[in-house]
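Trainee: need coordinates for the following:
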Amino acid sequence: QLQLVESGGGLVQAGGSLRLSCAASGPNFSGFHMGWLRQAPDKEREFVARISYSGGGTYYADFVKGRFTISRDNAKNMLYLDMNSLKPDDTGVYYCAGDYVIPTKPSDYSYWGQGTQVTVSV
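Mentor: Here you go, the predicted structure:
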């Protein structure tokens with residue numbers, strides 16, 4: 001079992017920055033591949049970034065490359081997403097998620113947080 005709680009969302013102007021955090025509880029956080037996903041109104045949930053259990057491997061969706069950075073601190077059971085140069089299109093609910101296997105699609109994740117709202121104004 002892995003319980004996840006996101007924080008750090010909010011309202012920011014275009015060009016601004018936010019840092020999302022995800023606090024994990026449960027055994028063996030360091031054994032889980034983790035990811036950030038988002039869902040905008042009337043759109044499907046989509047990958048934003050993911051990170052391997054050790055933190056040694058990362059993947060980014062093309063639309064966030066060079067702007068967002070995913071990281072984790074296994075000693076603190078924390079996952080982070082640093083978001084810079086935010087655009088209105090980045091608006092949505094951001095979720096952290098985890099699984100023991102590397103996901104190929106959003107629905108592959110077994111454990112999800114409740115989400116945190118990010119709103120980017122023009």
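Trainee: could you pull out the strands in this protein for me?
Mentor: Assigned by DSSP state E, the chain shows strands spanning 3-7, 10-13, 18-25, 33-39, 46-51, 58-60, 68-73, 78-83, 92-99, 111-112, 116-121.
Trainee: okay, the spatially most central residue of the chain and Asp82: tell me how far apart.
Mentor: Residue closest to the average C-alpha location in the chain (C-alpha atoms, centre = their mean): Trp36, at 2.1 Å. Distance of Trp36 to Asp82, computed by C-beta to C-beta, to the nearest Å: 11 Å. The C-beta positions use only the backbone N, C-alpha and C, and glycine is treated the same way.
Trainee: do the same with Cys22
Mentor: The value you get for Cys22 to Asp82, if C-beta to C-beta is used, is 13 Å.
Trainee: compare those two (neighbour count), which wins?
Mentor: Legend: neighbour count by other C-beta atoms under 10 Å for Cys22 and Asp82, higher for Cys22 (25 against 14).
Trainee: which one is that one nearest to, not counting chain neighbours?
Mentor: Cys96 (3.5 Å; C-beta to C-beta, 6 or more residues apart in numbering).
Trainee: count of neighbours near the one you found?
Mentor: Other residues lying near Cys96 total 30 when counted by other C-beta under 10 Å.
Trainee: who does it bridge with?
Mentor: Counting by DSSP bridges, Cys96 forms beta bridges with Trp36.
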